[in-house]
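Structure of the sequence below:
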Amino acid sequence: EGFDMSNLSDLLPAGAGGKQVDFVACGNLNNGQAVALKTDGTVEIISSVTESYGSIMASGASNTLYMSGCYNASTSRIIVIGRGGSSDAIYMLGTVSGNAITFFNYGTAVGGYSGVSTNYMAIASETNSAYVMFVTQEPENNNYGAATVGLISGSSITWGSKYVYSSVYTLWNQVSYDPDTNRFLAPYQNSSSQNGGIVVLQRTSGTSITGGSVVDFSTGGNEQPRYFMMTYDTAADKTLMCWTDMSGSKAGKASAISISGTTPTLGTVNSFVTGEVYVGDSSYDPVQNKHLLLTNIYFNATSNYGYGATILSISGSTVTATVTTTIVAGGSGQFYGATCQYTPSSGLFTVGLVNASKYLQAGSIDISTGTPVLSSLTTTSTAPTGSTTYPYLTSFLNTDIGNVAFVFKGTSNAAWTQMYVPGSSNNTSFIGITDAAISSGASGSVTIKGGISSNVTSLTPNSNYYVQTDGTLSTTTSTQLAGIALSSTSINLDYTT
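Numbering: from 1, shown residues only. Sure thing, here's the model as predicted:
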């Protein structure tokens, strides 16, 4: 005579299958509630955040080109820089409250650049201080590469003296921060030799700067490197640099860069795309230790551009790249404008794209399967990028609240911003089911993965159950498997995930 599996829970001890662990609750937790493990070791309710856009806002600075931006976590400030109507370098400083950006200061000249022409500008922030590094080409100074450090205080930035880091005709100037060495990397194209150069910049005291010797990184000479994008890899303690080789087939290239003192060392250069491709933006996932690179791809069939995504990783001094995946096929009217940010709240990359109708779109890319998978895209309610072909779209993550700020050139060439809240859930951090109600701040028992919980109801025996984004258990497939139901009131929690 067989067992009556519907009464299996009667055979189990109170609390179920012997995999009970005590956790401190972050927030009040109900009896029999699926919970997520936080990075601080506490557990919380599983919930979701609905995808949404904030209002599109003009920064107040008109005729702004070549925009770049960063977020300074120490001061909770957004910094946007660009070239103003007089071709000088200007900055906009703001803060985020909820899903809105408020600018304290906009259209103010970067120190030393009031009425001074600039081109090819970029900005990066130190991780644990209020300092930022600004780099640019100086047309009025033989097109040399120059840098300036700014200190954020309240609603303004105090800038230091200009420092010339390359006494050659520079193009496509870029900058990135290396938190391991507390130094900056500044690559550029040497217009005279058409080779690539890179230099290490260090903020020595206050806003003072010192720099190392320029290192040539072109692999074959006359490479014409452009569109530099850099992301720091915390696992490898190296910076991934990607660029487009404008000579020949316009291939995409990448290299891992380490810093010793004021000397950068490049690893083996990987030509990860040999067709016509233009590097757009990149971001790093510290959980999977992988980088996502967005590119513009030229499609011969339509004589136009679409968008591609490539996953890259660093091992030693070698960069490995997946085959570039087309995420938006080339079609009539496709043009430049792609940006991405890894978003910890979702474990995905938030992406912004400009479509053929010049609307800003946002969505997410999942790389967990080894291939970039783009979600459906949400389109803003208006066309903020105006009639321009080059929106100079950029983005940065507000690390305090996990929202992403998009910055772009809009109507009248003004700098516009919009906050985007990615849809997300902490269900992928599912750890188990509570054995009893737990008050916030108190310690209580949770049956964890690998155990059998008998604190559930209304299940169908021998059915797989999944943790939904709102924390409920359902047979509807989601990204997080909960386990298999043994009876209507017990579930064997899966431990393989």
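
In the chain, which strand is the longest?
Of all the segments assigned as strand in the chain under DSSP state E, the longest by residue count is strand 304-315.

And the next helix or strand past that one?
Proceeding N to C from strand 304-315, the next assigned helix or strand is strand 318-321, under DSSP states H and E.

Straight-line length of stretch 473-480, end to end?
10 Å (Cα to Cα, to the nearest Å).

So which residue is dead centre in the protein?
In the chain, the C-alpha nearest the mean C-alpha coordinate belongs to residue 341, at 1.8 Å (Cα atoms, centre = their mean).

Report the contact partners of it.
283, 349-350, 395-397, 404 (Cβ atoms under 8 Å, 6 or more residues apart in numbering). All C-beta atoms are positioned from the backbone trio N, CA, C, and that covers glycine.

Identify the residue nearest it in space, chain neighbours excluded?
Leaving aside its chain neighbours, residue 341 sits nearest to residue 397 (4.5 Å; criterion: Cβ to Cβ, 6 or more residues apart in numbering).

Let me see the mean pLDDT of the longest strand of the chain.
Averaging pLDDT along strand 304-315 yields 87.

Show me what that strand is packed against.
For strand 304-315, the packing partners by 3 or more Cβ pairs under 8 Å, 6 or more residues apart in numbering; DSSP states H and E come out as strand 238-245, strand 251-260, strand 270-273, strand 277-285, strand 290-299, strand 318-321, strand 325-328.

so which of those strands gets nearest residue 180?
With Cβ to Cβ as the criterion, residue 180 lies closest to strand 251-260 of these, at 7.8 Å.

Buried residues, the closest one. List them.
Residues of strand 251-260 classed as buried by neighbour count (16 or more other Cβ atoms under 10 Å): 251-259.

Residue 312: which of those is nearest?
Taking Cβ to Cβ as the measure, residue 312 lies nearest residue 254 of these, at 5.9 Å.

I'd say that closest one and residue 269 touch.
Yes. Counting by Cβ atoms under 8 Å, residue 254 sits close enough to residue 269 to count as a contact (7.2 Å).

how much space between residue 270 and residue 240?
Applying Cβ to Cβ, to the nearest Å, the value for residue 270 to residue 240 is 10 Å.

Quick check: neighbours shared by these two?
Shared contacts of residue 270 and residue 240 (Cβ under 8 Å, 6+ apart): 254-255, 312, 319.

still on that earlier bit, now, of the helices and strands packed on strand 304-315, which is deepest in the fold?
Scoring the helices and strands packed on strand 304-315 by mean neighbour count under mean count of other Cβ atoms under 10 Å gives strand 238-245 as the most buried, with a mean of 26.

pLDDT weak spots in the stretch 51-200 of the chain?
Counting by pLDDT under 70, the stretch 51-200 of the chain shows low-confidence ranges at 55-65, 98.

just the stretch 201-350 of the chain next, same as before
Within the stretch 201-350 of the chain, the stretches with pLDDT under 70 are 219-222, 298-304, 330-336.
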